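Enquirer: I would like to see how this sequence folds:
(2 chains)
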Amino acid sequence: MIYRANIRPAWVVLILLLCFAIAFALAKSTESSSAGKNADKQEKAEKIDLTKFKNSETNEQCLKCHGQSKYTYENAETKKMINKRMYSELIIKRDEFYVSNHKGFKCADCHSEDYAIFPHAGNLRMESKPNCLDCHGGDEKYAKFQFEKIDTNFMASVHSQKHSEDFTCWMCHNPHTYKINARTNENLKETITYDNLICLSCHSDVTKYELLTNKEKPNILLKHEWLPNQASHFTNVRCIECHAQNKDTLIVAHQIVPKNMAVKKCESCHAKNSILYASLFKYNVRENIKKQGWFKGLFLSETSTIGPDQNNILNIISLVIFGFTVLFILIHAVLRIQKSH
Amino acid sequence: MTMENHNEPLYLYPVWIRLWHLLNALFCLTLIITGLSIQFSNPTITVKFSVAVAIHNVAGVLLSINYIIFFIGNLFTRNGGYYIISVRGFFQRIKVQFHYYTIGVFKKENAPFPVTTDSKFNPLQQFSYVAVMYVIVPLAILSGLGLLYPEITVNSLIGISGLDYTDLLHLFCGFIVTIFMCIHLYFCTFGKTLISNFKSIINGYH
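Expert: The predicted structure is shown next:
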């Protein structure tokens, strides 16, 4: 008698597939639930009429002085109008602020309301300023920007390790002008320049650089002298591509590594199996879908994963196995023909 | 096991199976050729890369749809029964079949597991068909899906991009299917005549 296990393989596979789907859905839901949905809306909202802005009237009270290089006030005693130069770090550029990510805020959202009184009280400058995570941390709405991951990466970066609390998000991302770029800008070169200027704002500006260190500011051009086609690299590659630990996602690259760990080998980028490969492949597919729609962008795209599998040992092993299979078939066939005669 | 009169043709392959099988073969071939073309992208000897990718993607999706038809068909028709492996004595039967293929066939012995309406496949066929259709092909489809929508792959595992694993798995499955197809085609010459099995899968009668 033949014993039959009372299940069809199809059912087993179906159950396995269901388990897989559930596990996958769970894993994904924890990653980023709202990713992607708001990206388009945000893009469209970028170009706005300054006068339309909801808090612009309130903010103008501050920008009247802080929006320009000089300010004017009346001396209470002499009743004379006095013109003074505004300290450059306290100037908020209107045109940059009103297209920045924080354009919707009132100044008093982050700064003390006591600033409404002029002259400002001296102790106000001691106020602690909010950090990115104070507002963006643990918020579903911002989950897609992965602020927590950024924070973890930043904490492990040389910026944080070497300068501890002196180094805040604001060192690189000016809260008054910071504008999300890599996700929304269609012009890749602009994005590269924008991102690199963030690094250069300290690394090529001695006054800012010396705020944090007593070391002499290194000459970036000399330090990168070894790099072939330096100019081309500088205009086409972001600093963080080599100086930050790159994961599969292009978004979180805040873990700036010590200089001895920076990418220095040509083939790290210029080989088929490069550090840029995985993230760029994903990026390319995403972009194709965005531009050409689901069908054309996906099925008829020219992107494919060429490379990581181009492993010589694997190629040889598979060729040998295939060769033996064909050889076995040939020998078997010849023997069969011989015996049949 | 019932022995049946072999002079009377058995109707073993209903129309849906024959259609599925034909499409499956066509898509598999297309996928293997374009897949090799993508893998060893060499514009002088293979299909143009972009064309190969587009064809591969479309054929992959069509094969997946075709697989779903096979899958559902096997759940609800008696054809699925042929894929149920009887556990007891299975290795013994595999050995007998293997012995037949390696020695018996040269001594003009009769096939140890002749085709009947109860069991269409011999033990080796049964094992390899279940392995390919219920393990390898689903894995190929899933990993292919992962490459088509790279956002759904694991970001990284022990420092290697999840895309690499997915890609490797996809290649592995594609390779197994290629090997399977070669052996499958060869062993189809083991019918009453060299081409009788090929005729069967076209007209349905064994």
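
Enquirer: pretty sure A:Phe118 is in a helix, no?
Expert: No - according to DSSP: H, G, I helix; E, B strand; the rest coil, A:Phe118 belongs to no helix; its state is coil.

Enquirer: which residues sit in contact with it?
Expert: Contact partners of A:Phe118, counting by C-beta atoms under 8 Å, 6 or more residues apart in numbering or on different chains, are A:Tyr73. Bear in mind the C-beta positions are built from the backbone N, C-alpha and C, glycine included.

Enquirer: how about a cut-off of 10 Å?
Expert: A:61, A:65, A:71, A:73 (C-beta atoms under 10 Å, 6 or more residues apart in numbering or on different chains).

Enquirer: Phi first, then psi, for it.
Expert: phi -120, psi 140 (degrees, to the nearest 10).

Enquirer: and it, how far is that from chain B?
Expert: Relative to chain B, A:Phe118 is positioned 51 Å away (criterion: C-beta to the nearest C-beta, to the nearest Å).

Enquirer: mind putting the contacts of A:Phe118 in JSON lines, secondary structure included?
Expert: Rendered in JSON lines, the data for those read as follows (three-state DSSP):
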{"residue": "A:Gln61", "secondary structure": "helix"}
{"residue": "A:Cys65", "secondary structure": "helix"}
{"residue": "A:Tyr71", "secondary structure": "strand"}
{"residue": "A:Tyr73", "secondary structure": "strand"}
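
Enquirer: ok, these vs A:Ser112, which is closest?
Expert: A:Gln61 (14.0 Å; C-beta to C-beta).

Enquirer: Once you drop chain neighbours, what's closest to the closest one?
Expert: Leaving aside its sequence neighbours, A:Gln61 sits nearest to A:Ala116 (C-beta to C-beta, 6 or more residues apart in numbering or on different chains; 7.3 Å).

Enquirer: ok, the one you found touching A:Lys106?
Expert: No - at 11.0 Å, A:Ala116 does not count as touching A:Lys106 under the criterion of C-beta atoms under 10 Å.

Enquirer: Those two: which has the busier surroundings?
Expert: Comparing A:Ala116 with A:Lys106 by other C-beta atoms under 10 Å in any protein chain shown, the one with more neighbours is A:Lys106, at 16 against 13.

Enquirer: What residues does the closest residue in space to A:His102 that isn't next to it in sequence make contact with?
Expert: For A:His102, ignoring the flanking residues on the chain, the nearest one in space by C-beta to C-beta, 6+ apart is A:Pro175 at 5.9 Å. Residues near A:Pro175 by C-beta under 10 Å, 6+ apart: A:92, A:97, A:100-102, A:105, A:110, A:129-132, A:135, A:168-169.

Enquirer: Let's see if you can find the most crowded of the residues you listed.
Expert: Counting by other C-beta under 10 Å, top hit in these: A:Phe97 with 25 neighbours.

Enquirer: And that residue, what's its pLDDT?
Expert: Looking at A:Phe97, its pLDDT reads 87.

Enquirer: how far away is it from chain B?
Expert: Look at A:Phe97 and chain B: by C-beta to the nearest C-beta, they are 34 Å apart.
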